[in-house]
Every structure is written in C-alpha cells, then in structure tokens.
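Visitor: sequence plus predicted model, see below.
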Amino acid sequence: MTDDASVIRARAASVLEAGTVLSSSTIEERAHWLAEAATALAQKAHEGRAALSEATGLSIPMIEWATRTTVGTVAEDAMLALTQDARKAIDRAPDPIAMLSVILAGNVFTASVRGIVVPLLFGVPVLVKASSRETVFPAMLRDALRSADSRLGAAMSLVEFPGGDIEREAALVESAEAVSVYGSDETVAAMAACVEDIPLVAHGHGVSVAYCGSAALDDAHIGRTIDDLSLDICAYDQRGCLSPQLVYVEETPYRSATDFAERLAEKGLGPMSRTLPRGPLPVSVGAAQAQWRGIAEVEGALLRGDTFAVSIREAQPIRWSPGFRNVTLVPVSALDEALRAMQAIGSNLKCVGADPASISEVQARLAHGSTLSAYACALGAMQTPPLDAPADGRPIWHGLFRT
Amino acid sequence: MTTRAELKARIETLIATFEAGQLVDAAARDGLIEDLAAWQAKRIPEYGRLQRHGAWPPALPTDVFRFRRIAAHPEEEDLRVFRSSGTTSSERSVHAYCDLGLYDVAARVAARHMLFPDVDKMRLVILAPHEDEAPDASLEYMLARFAEWFGTECAWVWRRGALDLELLTERLRHAEASGEPVAVLGTSFAFVHAEDGLGEQRFDLPPGSRVMQTGGYKGRSREVDPEVLLAAIGARYRVAAPRIINEFGATELSSQMYETTLREDIDGPPGPRRLWAPPWVRATPVDPDTLQPVEGKTVGILRIDDTANLDSVCCIQTADLAQRLGDGIIVLGRVLGATPRGCSLAADQALGAQ
C-alpha cells in the first residue's frame, strides 16, 4: 500500500498545522511526552517482535536488544540536557523550522527514533517517508507518539511510496523547511536534485572502525574487550554505518592479532551467535560474502564460524565486507599507524570505537585531525549512540533551527 | 606424481568421450576435479591458501581474478590473456592461458552440441566486435573460432564500438532472400542496441535460423528484462522462442553453458528453459554460509568446477545466484543491493576506490 502525491500533500499540511500547536508546548512537556512514547514504543515492539523480525531480517533476540537499547536513550533527563546543549551551542533562543521531512533507510530499523524524536523535542513537526523495506517500526513509533499525547502524535505523519517517484518526492519535500535523508549516496544525490533550495541534511554512505590498544589486550582486560567488540560487530548484524568493519589491533609481544582473532571468534562471536543470533543470510549478500571470505583467505587469514568470519590482513588495500558479521582485524604497531590507515576512508568514516584506555587519545586525535569527521565512542556502545551523539560530524540538531 | 600432461590427457578424454556420443562417467569427472585441484593448489599459492569445506575441493572466488594473477605457469609463458570488461584494473578479471587447446575443444564441442547440433556450418551474423578489435576478450575469441568452425560466411556487425545497422540489415535481408538460415550471435546489450536502432524494421529469417545472446549490460545499453528481450528478439527476427538461447560464459572459465531449448526443439522432447552444463563441468548452487550444495530448488550461489581450466583454477565460486531445474541450472543473476545496506559503504564503490 503506497500513498499518492495528494495524500502526501494532505499529510504534510496536517503535520504543518500540528506543528503550530506543538510549538506552543514547552520543552519539558515534549520531553515528558516523548519519554512516555518511548515506553509505549518498547511495549509495542515487544508485542510485535515477530513482525519486526520478519520485516527487518533480524532475529527476535536482536529485535528485543535493539529496541531496548534505543528506547533507553529517550529519557527525559537526556532530552533536557540535549536542549540545554543546543541552546548553548547556538548562543541564542532557538528558532525551530516549520517542518522537517525525513527519509528513512531500512538497514537499521531503530535509526528512525533519533531522526524523529529529536526534531519533535525541539518542536519541529516531521513528515516521514519510511523505507519501502521496513515500515513496521516507524508505524509503531507513530502510534506510540499518538498514544502519549495527541498534539505530539499529530506532529508526526508517515507516508509510504517507492523511492525514485519524482512527483511524490516533490510532494514530500515541498512544504518542508529542511529535509533529512538517510540512505545510500545515490538516494542522497537523488533527493538533493529534488529539494532545490531547501536545506538538505545528508546521512549518506558510511562505515565505522574500532581500535583496540595494547592495554585492552592484556589478561585483565581482554575479556571485556572481546565482549564489547563482539556486541558492536553483531548488533544489527553489522548492517549499519556505526558497525565496525575493520578492527585495528595493537599487537604486543604477548598477544598477536591471530591470537586475538581466535579469541574473538571463540569467546565472543561464537557465544553471541547463540545469545543474539544472526538473522537469515539473504542469498544475494551470501554471494558477496563468499567472494569476500575467499579473498580474505587468499590475501591473509580467515577464521570461519557458523554465522561469522574474522579476517586478518594488512591495512591496505581495504576489502569491505558485506556486513552480516564478517569483520577484518588489522594488526598495527600503535594508534598512529591505525589513524594513518583510517585516512584512506576519509569522510565516509563515521565512528571509531575505542577501548577505555585509548578512547581519550583517539578522541583528541580525531578532533585535531583535518581529514576525518568521525567521532570516538567506547567499545560496546558503537551501535547505541546516545541521543546527543553527533551525526555525520554535526550536532544532532543540525538543520532544525533557522539561522 | 600427476603431471600436467596426464591431467590434460584425462580432460581431453572426457570431452572426446562426450563428443563421441558416449556417456561420461560423473565419478570420473569428479575424480579429475579432485586431482586437478590438488595439482593446482601446489602451483598457485593463492589457491593453495583456501581451506577445504566438506567433500569438495575449495572454490576460488571469481573476484580473486580481479586482484591476483591466477595461473600455474609463469607470466612469460602466457599465450593469451583474457580480461573481463570494466573501466579500471580492479574491475577486470584477468585469465592467462599458456595453451588454448582445451579452451578450443571445450568451446567447439559444447557449441556443436547445443547451438549447431543440426548443421555442419551455416551463415553467421555476429553482433560483437571481431577479435582483432578486442584481442583480450574471451567472448570475441570464442566467436572468432565459431566463425572458423561453424560459419560458411560471417558478418561482424559491431565495428569500432558501435552497431553497424546498415550491414546488419543487409545481411538479414540477404538471408531472407536466399532462404538460407542464419545464426545471429551476440551480446545482450548489442541486441538492445539493435532493438533501439532498427525502429519499425522486421525480419523474417528462414526456418533453421537461431539466435544466441550472452552477457550482461554493464552500463553499455539500457537494461532489459530477459523475458522482454526474448520476446523482442523473437518478434524482430521472427525466430521461435526455443531457437533463441542464452550462452553463459565468464572470463574466469574455459567452458560455456547453454540454454537447452534449441537442442530440445531439434531433437526433443521439449523441456523448460534451463542451462545445460557440459559433462566435463560440474555446476552446483551452494549455500553461501556453508559452501555446500543446496537441496532441491533452493537458490544458492553458483559454483562451477570447469575441468578445462587446467592452467588456472578448476573450482570457481561465482557471485551468481542459481537454482537447479531438473537436470539443468537457472542463473538468476546478481542481486547485489537487494538487501538493505542503508548507509553502509557499497563494497564495490570502496573496492573501486583502491
């Protein structure tokens, strides 16, 4: 079932009107409603976990984990802190835009939460185009917003139509004051051509990496390192732009990359394939996986599990895996070497997960570098960004206020 | 210790057995695949690194041909090097031959069986460049040999990068007038160019005529659904659907597979359209996780063990999706991107950037 241009225009008008009502509420009221909506969303997702699993291709335990960790970020205190940060950063009273149109991707189903909750928090109504591949969770979010407060619910509407339909894409954006696009670079480029002079906030192609320094590999810490890294790799079956594709491992005389890889497979990814099982592998991805794994064996070494593989190879050339728990370990001598290797990824690098002993230095080096816009975060939290985590090198509220 | 000469002799015997109309023992073929794989693993370090999974030797992914030289012989012994199409070196598979004897016999025997089973020679119209214009393309090499083996006369109507519509029309009108059947052979994208360029012109090719199309599009023409192209070709040249077949080949392979309908139209009984693998080839859809053969009609990824690949690697893992249909295979193409990738960097894009 898809919506035609007249329906999209009608929903845009309705959302725009609801925005004027929403803007008369206070930040505190909206934070409260949103927190209530998050609770309702958690319940709906739990009840609809089988449908979500079917729609996303993720296992039910993964659906439960993803929902729990995402909804957990939508807390009243976190939202109020975010609004204060925004006020400080823009150094004046925020002037929210009249409406944001959001185009969602289908790879990480919970990504819609941040993309929708944050505008609503700032009083910006949103017209959302769900991914044609995944419409179940955005509909649950819409229903949760409506159940929390009618004014909040009216300020978010959902439309569905196939991408590439010029008339309907025009209807989606024509009333918006900004457009936020999640998806492939092709999708972003197509929307950029469509929006003309409407500001576009692009969330295009991206990858993430992890860094494990020597301190994370010693006997006292390696258990936690393996647990955290395994979670980052397995979350969303490594389909998101915050999923680590490459893990730079600082080898020590006591811990080689091979030893680390074996431990990652045996103690981390193997057990996690039972607690957070991978979803079914689409055969088209399987074709890419077979090619990637074969090349990994030819050019380095490969450890295979039932539903994962760990490749050990040099930093260059980079061979991107198709995700689905196929990860590369790159031995390095120190952080310098890892950062040099990351330069090749350039602006596509979104996040660098780092062990507790390394994170400060990674953060500082990324902040002072000129070519990378990635942010650093703790291992184990790469896939659970807080509400205020930057998006594509910009504050999460970017595009929501008039300048 | 097995020698190359011994292996080559066994491959030739397998093909000759089939050519003589005798049954090829699948167990003998499978044993040959084992011996070939063992011999190649000792000589090609890249292949030797692959781990075995299950009963069969490991299969080398086709992508490896893009990044590494895969040959059991030194570069100075290269007789011919085939490259797949593409614009950058990392997009082009490279397959080096020191001996084209097996390629030739495999191509000739398979084409005789599936494409020219009823005629010794016939007129050929080829919608592809002559091998002089594309000396590193295996398809053009094969078509040039077809011209020698199966052609009474041959018109190459793809010249200097474009379809020569005038020559194509003239050759087809000549076939109509003479009543002599013609085989029209070419790439799918060339047939699309013909569709786009011929406008309202229609042909009524004589009975016995046939069409063989091959390959994908790779951006060289608009993409057309295979069923639509099949219908368009049938209507354009007035050739019955069973007589329009696809050939499946690849730069990484020395043997070709053909759709069955032409052969079955000639000597029956008719069956569903599917690919026939020559008996010296083992074509198997495998599970992408386990790399083991899938059951029944389950869609898998196509593994091809081509014994004619003596001097490279016999066991090849393609990225094509395929399923069994009776005694044949249906190739469903590559559906990369069908799965949500969202903001993940497209692998090909990144690989291309290396």
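Guide: Yes, it's here. Values in this document were obtained by computation on a predicted structure and should not be read as measured data. Numbering: from 1, shown residues only, chains lettered A, B, ... in the order given.

Visitor: near chain B, which residues of the stretch 301-403 of chain A show up?
Guide: When proximity is defined by CB under 8 Å from any CB of the partner chain, the stretch 301-403 of chain A lies next to chain B at A:302, A:304, A:306-307, A:316-323, A:348, A:350. All C-beta spots, glycine's among them, are computed from the backbone N, C-alpha and C.

Visitor: tell me if residue B:211 really is in a helix.
Guide: No - judged by DSSP: H, G, I helix; E, B strand; the rest coil, residue B:211 forms no part of a helix; its state is strand.

Visitor: check contacts around the closest residue to it other than its chain neighbours.
Guide: Distance criterion CB to CB, 6 or more residues apart in numbering or on different chains; nearest residue to residue B:211, sequence neighbours excluded, is residue B:244 at 4.3 Å. By CB atoms under 8 Å, 6 or more residues apart in numbering or on different chains, the contact list for residue B:244 reads B:210, B:211, B:212, B:213, B:230, B:233, B:234, B:261, B:262.

Visitor: with adjacent residues omitted, what lies nearest to the fourth one?
Guide: I take that to be residue B:213. Leaving aside its sequence neighbours, residue B:213 sits nearest to residue B:188 (CB to CB, 6+ apart; 5.0 Å).

Visitor: how many other residues sit next to the one you found?
Guide: 21 (other CB atoms under 10 Å in any protein chain shown).

Visitor: residue A:2 now?
Guide: 13.

Visitor: now residue A:84
Guide: Number of residues near residue A:84 (other CB under 10 Å) recorded here: 11.

Visitor: assign a three-state SS to it, would you?
Guide: Following three-state DSSP, we place residue A:84 in the helix state.

Visitor: show me where the stretch 251-400 of chain A has strands.
Guide: With strands called from DSSP state E, counting those that start in this stretch, the stretch 251-400 of chain A shows them at A:301-304, A:309-312, A:326-332, A:349-354, A:375-378.

Visitor: how about stretch B:259-273: buried residues?
Guide: Neighbour counts over stretch B:259-273 (16 or more other CB atoms under 10 Å in any protein chain shown) mark B:259, B:260, B:261, B:262, B:263, B:264, B:265, B:266, B:273 as buried.

Visitor: circling back: what's the closest of the strands of the stretch 251-400 of chain A to residue B:163?
Guide: strand A:326-332 (42.1 Å; CB to CB).

Visitor: returning to that earlier point: export the strands of the stretch 251-400 of chain A to CSV and append columns for distance to residue A:98 and mean pLDDT.
Guide: As requested, the strands of the stretch 251-400 of chain A are exported to CSV (distance: least, CB to CB, whole Å; pLDDT from 0 to 100):
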stretch, distance to residue A:98, mean pLDDT
strand A:301-304, 53, 96
strand A:309-312, 49, 98
strand A:326-332, 44, 98
strand A:349-354, 29, 95
strand A:375-378, 30, 94
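
Visitor: which residue ranges of the stretch 201-350 of chain B form helices?
Guide: Under the criterion DSSP state H, counting those that start in this stretch, the stretch 201-350 of chain B carries helices at the ranges B:226-237, B:261-267, B:347-352.

Visitor: out of those helices, which comes closest to chain A?
Guide: helix B:347-352 (4.3 Å; CB to the nearest CB).

Visitor: what's near enough to touch the residue lying closest to residue A:293 once chain neighbours are set aside?
Guide: Nearest residue to residue A:293 in three dimensions, chain neighbours excluded: residue A:309, at 5.4 Å (CB to CB, 6+ apart). Listed by CB under 8 Å, 6+ apart, the contact set of residue A:309 reads A:289, A:293, A:296, A:302, A:303, A:325, A:326, A:327.

Visitor: and if we set it to 7 Å?
Guide: Shown in contact with residue A:309 (CB atoms under 7 Å, 6 or more residues apart in numbering or on different chains): A:293, A:302, A:303, A:326.

Visitor: could you report the neighbour count for the third one?
Guide: Taking other CB under 10 Å as the criterion, the count of residues near residue A:303 is 19.

Visitor: and the furthest pair within the buried residues of stretch B:259-273?
Guide: B:266 and B:273 (14.8 Å).

Visitor: C-alpha coordinates for stretch A:61-70, PDB please?
Guide: Extracted in PDB, the C-alpha atoms of stretch A:61-70 (Å, rounded to 0.1, in the frame of the first residue of the first chain):
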ATOM      1  CA  PRO A  61      16.600 -11.500  20.300                       C
ATOM      2  CA  MET A  62      18.300  -8.900  18.200                       C
ATOM      3  CA  ILE A  63      15.000  -7.000  17.800                       C
ATOM      4  CA  GLU A  64      14.500  -7.100  21.600                       C
ATOM      5  CA  TRP A  65      18.100  -5.900  22.200                       C
ATOM      6  CA  ALA A  66      17.900  -3.100  19.600                       C
ATOM      7  CA  THR A  67      14.600  -1.800  20.900                       C
ATOM      8  CA  ARG A  68      15.600  -1.900  24.500                       C
ATOM      9  CA  THR A  69      18.900  -0.100  23.900                       C
ATOM     10  CA  THR A  70      17.400   2.500  21.600                       C
END
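
Visitor: and stretch A:58-77, how far out from the chain's middle?
Guide: Centroid separation for stretch A:58-77 versus its chain: 12 Å, with CA atoms, centre = their mean, to the nearest Å.

Visitor: nope, stretch A:359-378 is what I meant
Guide: Taking the mean of its C-alpha atoms, stretch A:359-378 sits 18 Å from the chain's own mean (CA atoms, centre = their mean).
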